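# Sequence below, structure please.
(one chain, ligands or ions: 1)
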Amino acid sequence: MIELENVTKRYGGKVAVEDLSFTVRTSRVTGLLGPNGAGKSTTMRMILGLHRPTSGTVRVDGRPFTDDPAPLTAIGAMLDAHAVHPGRSARAHLRSIALTHRLPARRVDEVLELTGLTTVANRRIGTYSLGMGQRLGIAAALLGTPRTLVLDEPVNGLDPDGVHWVRELVRSLASEGTTVLVSSHLMSEMAQTADDLVVLGRGRLVAAGPLDQVVASATTGSVRVRTADDPGPLTDALAEAGAGVDRADDDVLTVTGVPSEHVGALALRTGTVLAELVPQQASLEQAFFALTKDAVEYTAPEAS
Ligand SMILES: Nc1ncnc2c1ncn2[C@@H]1O[C@H](COP(=O)(O)OP(=O)(O)OP(=O)(O)O)[C@@H](O)[C@H]1O
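Numbers count the residues shown, from 1 in each chain. Below is the predicted model of the structure:
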């Protein structure tokens, strides 16, 4: 478990993170989201004990990370996958980490296997593709079989196969009891990977909680209704009940403000035969835009 309590981080006069409190639960994948400059990397660096908070406390499994005698078994991290020596092989790179952290050499082979790098383990890292570099970063993070895993943009630059692999990996580690914190700018991917979300905007907490709840609280769900009948009587009844009705197509209505059961009951009352009655939840991307619209540091003008 990772706990942040009233954490503020200033770099000189710049406030990177302000009064941040949230909990990352064990056996769950938590997505850390936010526009550029929101404070995600700063938050991860404080969790890892690389940066000290200006005020507030950060605890991993109940204690400050810097107090832990065996850091790689407590917490594994990938912050910048490409900050490695390009002239070394992946095996040599992982062996040197294992050696300095007193981890068994066989664990190097295990993580090479786990990340699909065994066949290229003796090649110079400088010849690796972006995706292979990401896999190596994840291999290093997994070396100590950590209880907590922190990955900054792990799917950045990966092909669809690699993205799918990262998703399956973190989900399976969480199901085995690992606490997983992952940042990403890819909302569709995060929607499939995360159980919980922490959303930052300009260094402040914008939302936190189970993914479904965060999406539902930030957006308006709707009900898609399709009928071959005249939609007039149903539309009038819905408007009377306070619903918003948008006639997207000749035979399709998008209804907001009332649950699907209520729409079904009104259809029955007005004698409207329904071909479709489908509750629709907004996407994580829509929720993200709604939550962070006032917290985006850099924006381009709207395309005309
Ligand atoms: N070492 C530093 N010195 C000064 N300012 C910093 C430093 N590190 C980060 N910042 C500033 O703190 C704010 C938060 O940065 P951070 O890198 O944590 O954001 P982020 O959410 O990870 O952004 P991105 O999505 O672009 O990676 C930014 O305004 C950034 O310019």
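# So which residues of the stretch 201-304 of the chain form strands?
Along the stretch 201-304 of the chain, the segments classed as strands by DSSP state E, counting those that start in this stretch run 204-210, 222-227, 244-247, 252-256, 274-280.
# Quick one: end-to-end distance for stretch 123-138.
17 Å (C-alpha to C-alpha, to the nearest Å).
# quick one on the thing from earlier: of the strands of the stretch 201-304 of the chain, which stretch is the most buried?
strand 222-227 (a mean of 20; mean count of other C-beta atoms under 10 Å). Any C-beta I mention is one placed from the backbone N, CA and C, and that applies to glycine too.
# so what strands line up beside it?
Here strand 222-227 has these sheet partners by DSSP bridges: strand 252-256 (antiparallel), strand 274-280 (antiparallel).
# Point out the other helices and strands that the longest helix along the chain packs with.
Ranked by residue count under DSSP state H, the longest helix found in the chain is helix 160-175. In terms of contact count using 3 or more C-beta pairs under 8 Å, 6 or more residues apart in numbering; DSSP states H and E, helix 160-175 is assigned the packing partners strand 29-33, helix 130-142, strand 148-152, strand 179-183, helix 187-193.
# now for the ones you listed, which one comes closest to Leu200?
Leu200 lies closest, by C-beta to C-beta, to one member of the helices and strands packed on helix 160-175: strand 29-33, at 7.1 Å.
# circling back: quick one: residues in contact with the longest helix of the chain.
Helix 160-175 has contacts (C-beta atoms under 8 Å, 6 or more residues apart in numbering) with 27-29, 114, 116, 131, 134-135, 138, 149, 151, 154-155, 158, 180, 182, 186, 189, 192-193, 195.
# same deal with stretch 97-115?
Under C-beta under 8 Å, 6+ apart, the answer for stretch 97-115 is 70-72, 90-91, 94-95, 118, 121, 135-136, 138-140, 142-145, 169.
# residues contacting Arg52?
Arg52 makes contacts with Met46, as judged by C-beta under 8 Å, 6+ apart.
# Against the ligand, how distant is Leu20?
Leu20 is 11 Å from the ligand, where distance means C-beta to the nearest ligand atom, to the nearest Å.
# what do you get for Leu181?
Applying C-beta to the nearest ligand atom, the value for Leu181 to the ligand is 13 Å.
# hang on, that residue packs against Val150?
Yes - applying C-beta atoms under 8 Å as the test, Leu181 and Val150 come out as touching, 4.9 Å apart.
# Which neighbours do the two have in common?
With C-beta under 8 Å, 6+ apart as the test, Leu181 and Val150 both reach 44, 47.
# mind giving me TSV with the strands paired with strand 222-227 and columns for distance to the ligand and mean pLDDT?
TSV is the format used below for the strands paired with strand 222-227 (distance: least, C-beta to the nearest ligand atom, whole Å; pLDDT from 0 to 100):
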stretch	distance to the ligand	mean pLDDT
strand 252-256	32	93
strand 274-280	30	93
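# Dump these into TSV; add distance to Arg202 as well.
Converted to TSV, the strands paired with strand 222-227 look like this (distance: least, C-beta to C-beta, whole Å):
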stretch	distance to Arg202
strand 252-256	29
strand 274-280	31
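# quick one: which of those strands is nearest Pro86?
Using C-beta to C-beta, the nearest of the strands paired with strand 222-227 to Pro86 is strand 274-280, at 48.2 Å.
# Run through who's touching that closest one.
With contacts defined as C-beta under 8 Å, 6+ apart, strand 274-280 is touched by 221-228, 251-252, 259-260, 263-264, 267.
# What is the most widely separated pair among those residues?
Using C-beta to C-beta, those span at most 24.7 Å, a distance reached by Gly221 and Ala228.
# the more surrounded of the two?
Gly221 (15 against 11; other C-beta atoms under 10 Å).
# Touching, that one and Ser283? I think so.
No - counting by C-beta under 8 Å, Gly221 stays clear of Ser283, with 11.2 Å between them.
# Quick check: which ranges of the stretch 1-150 of the chain have low pLDDT?
Flagging of the stretch 1-150 of the chain using pLDDT under 70 yields the residue ranges 65-70, 81.
# Which residue ranges of it form helices?
Secondary structure of the stretch 1-150 of the chain by DSSP state H, counting those that start in this stretch: the helices cover 40-47, 71-74, 90-100, 106-114, 130-142.
# before we move on, what about the stretch 201-304 of the chain?
With DSSP H, counting those that start in this stretch as the criterion, the stretch 201-304 of the chain has helices spanning 211-218, 232-240, 260-269, 284-292.
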